[in-house]
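# predicted model and sequence below, questions to follow.
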Amino acid sequence: MKGFASFPRFKGGHALDLKVKDDSGSVWLFRLSIRKKNYLKPVFSKGWCKFVQSKNLKVGDKVKLYKQEDEASGAQFKIKAKKAVRIFGVVFGYVKA
């Protein structure tokens, strides 16, 4: 769970809703959940597929999810998506999705 240290705690439950803002200012609601037993690795469920489809993301594209501290509004979660630029199947870089 080291990579998820910035996320809110589950507080005894197995799911929580997370509001995330993208580069265009759109707010997405993702459900972050863990299984109840033996597999504590968090996964996104609700809202994730809609985000991926809206950005037309494919395997090999990049998504960065991070927490940004803001003095006025407190902590906010942000997300950035980048599409791989491929020429003849070779990735040459990434552009904003």
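Great, that's in hand.

# CA atoms for contacts and neighbours, from now on please.
OK.

# excluding sequence neighbours, find me the nearest residue to residue 46.
Spatial nearest neighbour of residue 46, chain neighbours left out: residue 31 (4.9 Å); criterion: CA to CA, 6 or more residues apart in numbering.

# pretty sure residue 28 contacts residue 52?
No. Counting by CA atoms under 8 Å, residue 28 sits too far from residue 52 to count as a contact (11.1 Å).

# so what's residue 57 up against?
83, 97 (CA atoms under 8 Å, 6 or more residues apart in numbering).

# how far away is it from residue 83?
Residue 57 sits 7 Å away from residue 83, taking CA to CA, to the nearest Å as the criterion.

# direction included, what does the helix or strand bottoming out on mean pLDDT in the chain pair against?
Of the helices and strands making up the chain, the lowest-confidence element is strand 43-44, at a mean of 84, by mean pLDDT, DSSP states H and E. Neighbouring strands of strand 43-44 in its sheet, by DSSP bridges, are strand 27-33 (antiparallel).
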